[in-house]
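Undergrad: pasting the structure only:
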């Protein structure tokens, strides 16, 4: 239920419900429940590499976001929170080693746990322009986070006891924030009444956006989000906050069912769980007590100016729903009164680790006897690497105009031998002999010995396939040399045929 529509659901011919596993917390919890019953069996970590299925709304970019994919997932089981913290750190360190060995560039960022649940979550992201996700990092400190997990510091409350009273003003023909700002800057009488000495900007306005939440049980619930007019609602951030519900558009039919909502002029007066509409009203954290705003007056062609939060309206709570923009204050720096700002980059998620806690163990009654003979609920962690996605990420990180350039640790083969001669000129025999020498030394070798294919085509195919070392046995063999290409370095040299095996072995065992 909590996983929502991303879960593949099906029925067999008898009408029995089944699903295709998107992740396997439940199965591993039940496995451990069957096998272990004492604190002496813990800590325990077990893993698998298996195909997973998720009914993605927008599968795209090949292996980067597919409905069927290969994942390495592991699960830790501990007697207490201290044990979970230790298992989490052990997995974190192992993932760092893994991605370093893959030579993938990566950053570790704070993330949302989503449907998985749990108290702590971090993502391993490969910063690549083709990425389907976005993350932020501070230009000053080490803070980094998925945009869904960015927290906005709430400003200190402002004393509004001396603030001028709010007033409703005519604002004809102002259906957009831009037209409203232009009108306000032309109305000097409004500025004087409020004591405003600086020009109006979109950040002075309070935009109220209505969305519809679709709950797993089919129920639809309207939600109002208040945010400064210079921001847009980020639906991915909203989705991370409201799960397992899913955000959807508020349609014309929905407006018809809520006549108090005047499109383009919605103000906080008709919003909130205690209002006539009873529509829950959550605001961006910077809409804090004492801040003053311009907002719709719930009447076409009218706005309220000098509307003070905490005096004229009180939201039901806050929500991290606004888009994050480059130049925003770093939350870590802001907490220390420092001035770091955020920059944004595209990325591919390649790993995710969670401290699940006791969510699954409690639901499935996974308990063990502790040292005192008392039944205690086991605490769990979950850790995943997208194997097929990592392959795609490596391909994106290591390619050039000619094709792929696999790092040596993950290349399908160590050496690609191309026979560029006619075969009866000794090139085939030498290529076979060299390949056997290299394989005897522990390397994986592929040979392009196709007949009737030109050397140029073979060279292009070798570059496209991207083995880290390409050996060309061709016309130079008559002069006692072969050509060795290093795809990673982009270099090529002629090597004496008697030294070929030694040279290629040394190259193949070098990094990366």
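TA: Yep, that arrived. Since the model is a prediction, treat every value here as computed from it, not as a measurement.

Undergrad: Tell me how many other residues surround residue 12.
TA: Neighbours of residue 12 under the rule other CB atoms under 10 Å: 8. No exception for glycine: its C-beta is placed from N, CA and C like everyone else's.

Undergrad: quick check, residue 237 in a strand?
TA: No - using DSSP: H, G, I helix; E, B strand; the rest coil, the secondary structure at residue 237 is helix, not a strand.

Undergrad: OK, contacts around it?
TA: 147-148, 150, 320-324 (CB atoms under 8 Å, 6 or more residues apart in numbering).

Undergrad: name the helices or strands packed onto the longest strand seen in the chain?
TA: The longest strand of the chain (DSSP state E) is strand 342-357. Strand 342-357 is packed against helix 81-101, strand 120-126, strand 133-138, strand 379-386, helix 387-397, with contacts defined by 3 or more CB pairs under 8 Å, 6 or more residues apart in numbering; DSSP states H and E.

Undergrad: what's the distance between the second one and the middle of its chain?
TA: Here strand 120-126 is found 8 Å from its chain centre; the criterion is CA atoms, centre = their mean, to the nearest Å.

Undergrad: neighbouring strands for that strand, and are they parallel or not?
TA: strand 107-110 (antiparallel), strand 342-357 (antiparallel) (DSSP bridges).

Undergrad: For residue 53, find the nearest of these.
TA: strand 342-357 (17.0 Å; CB to CB).

Undergrad: and the closest one, which residues are buried?
TA: 342, 345, 347-357 (16 or more other CB atoms under 10 Å).

Undergrad: between those residues, which is closest to residue 388?
TA: residue 350 (10.7 Å).

Undergrad: Test my guess that that closest one contacts residue 128.
TA: No - distance between residue 350 and residue 128: 9.8 Å, which falls outside the contact criterion (CB atoms under 8 Å).

Undergrad: quick one: common contacting residues for the two?
TA: residue 393.

Undergrad: thinking again about what came up before, export the strands paired with strand 120-126 as TSV, with columns for mean pLDDT and distance to residue 280.
TA: Listed next are these as TSV, based on pLDDT from 0 to 100; distance: least, CB to CB, whole Å:
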stretch	mean pLDDT	distance to residue 280
strand 107-110	91	26
strand 342-357	93	27
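
Undergrad: Of all these, which one is nearest residue 191?
TA: Among these, strand 342-357 sits nearest to residue 191 (CB to CB), with 32.4 Å.

Undergrad: quick one: the closest one to helix 81-101, angle?
TA: For strand 342-357 against helix 81-101, the angle by axes from the mean of the first three to the mean of the last three CA atoms, to 10 degrees is 130 degrees.

Undergrad: Who are the packing partners of the next helix or strand after strand 342-357?
TA: Of the helices and strands lying after strand 342-357 in sequence (DSSP states H and E), the nearest is helix 359-363. Judged by 3+ CB pairs under 8 Å, 6+ apart, helix 359-363 is in contact with helix 25-35, strand 379-386.

Undergrad: For helix 359-363, what is the distance to the chain centroid?
TA: Relative to its chain's centre, helix 359-363 lies at 25 Å (CA atoms, centre = their mean).

Undergrad: ok, now stretch 497-506?
TA: With CA atoms, centre = their mean, you get 44 Å for stretch 497-506.

Undergrad: going forward, begin numbering at 57 instead of 1
TA: In the new numbering, first residue 57, that becomes stretch 553-562.

Undergrad: Can you name the residues in contact with that stretch?
TA: Residues contacting stretch 553-562 (CB under 8 Å, 6+ apart): 471, 486, 490, 493-494, 497, 499, 525, 527, 533, 536-538, 540, 551.
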